[in-house]
Structure formats: structure tokens, C-alpha cells
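Trainee: Let's see this in three dimensions:
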Amino acid sequence: MSGEDRTGGYFWGTGRRKTSTARVRLRPGQGAIVVNGRKADDYFHREVEINAVRAPLIFTKLNTAFDVYINVAGGGTTGQAEAVRMGIARALLLYDRGLEKGLREEGFLTRDARMVERKKYGQPGARRRFQFSKR
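Mentor: Below you'll find the predicted structure:
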């Protein structure tokens, strides 16, 4: 362990996507993933979201080395899954800085900055305009 953590044996990471924020703790264990007090398979229902959560651990071949405890809030399930993915990747960096090159190339450490565009005043939506009338 190159990046030793002093907070109770946990490696912490924070991930964000859209309006979701995930606080992730990794602890050496058997590979259990707990999201807001529930198993990851019970919390995330779609296969794409479950795969996104597990992707950094599988990529680094550490999926059975850590128990993962996650608190996530805000947004929808897809944004939450992506936030968790980033949080796990950041926590893995505290465990071993040598993983950074691979995680960065796979895009696990890149913050997806796309957000919902705001609605403009006097218009019905972000891009929608009232119908043009010549007369």
C-alpha cells in the first residue's frame, strides 16, 4: 500500500456526475458493494449501471480485494452510477498511485462536465422558442 490512509483503514474517494455526488470508502475485504445501506444489485437495477459501478475494480483486478461502502445522493440512477464509478477510481488512487495511468486512459478519472442547460426567462424551455409569426 503506497498511499496509506489514516481514517480508520478506509480509502476515500468522491465522484460527481450531473447533480449526483457519491462518497466512496474502500476497505480491504471480500468484494461486497453496499450503496446507501443496500447491496449494489438491489440499488441499481439496470445491468449497465451495475457494470459501471464495478468497472474500475474489475479493470484493476481488485474486485475481490475490497469491500466498498457508498453514500450517493442527487440526480437519477445513471448519474449516480457514473458518480460512484469515479469515486471508486479516486479511492483506488489512494491505495496505489501506480494505477493512475490505466484508470485515466480508461476514462474513470475524467469528470463528465455535461449538465442540464438552464431554462431561459421568457421562453418555454432551454432551447425551445415561441413560434415565429410574421404578422
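
Trainee: nearest residue to Phe66 other than its sequence neighbours?
Mentor: Leu26 (4.4 Å; Cβ to Cβ, 6 or more residues apart in numbering). The C-beta positions use only the backbone N, C-alpha and C, and glycine is treated the same way.

Trainee: Can you list the low-confidence ranges for this protein?
Mentor: Within the chain, the ranges that satisfy pLDDT under 70 run 1-7.

Trainee: Would you state the strands of it in chain order?
Mentor: For the chain, the strands defined by DSSP state E occupy 11-17, 20-28, 33-35, 38-39, 66-73.

Trainee: Export those strands to JSON lines and append columns for mean neighbour count.
Mentor: Output for these, formatted as JSON lines (neighbours: other Cβ atoms under 10 Å):
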{"stretch": "strand 11-17", "mean neighbour count": "21"}
{"stretch": "strand 20-28", "mean neighbour count": "21"}
{"stretch": "strand 33-35", "mean neighbour count": "20"}
{"stretch": "strand 38-39", "mean neighbour count": "12"}
{"stretch": "strand 66-73", "mean neighbour count": "20"}
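
Trainee: With distance to Tyr121 as extra columns, can I get the ones you listed in TSV?
Mentor: Output for these, formatted as TSV (distance: least, Cβ to Cβ, whole Å):
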stretch	distance to Tyr121
strand 11-17	27
strand 20-28	27
strand 33-35	38
strand 38-39	41
strand 66-73	29
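
Trainee: Quick check: which of these is nearest to Lys134?
Mentor: Nearest of the strands of the chain to Lys134, taken as Cβ to Cβ: strand 11-17 at 43.7 Å.
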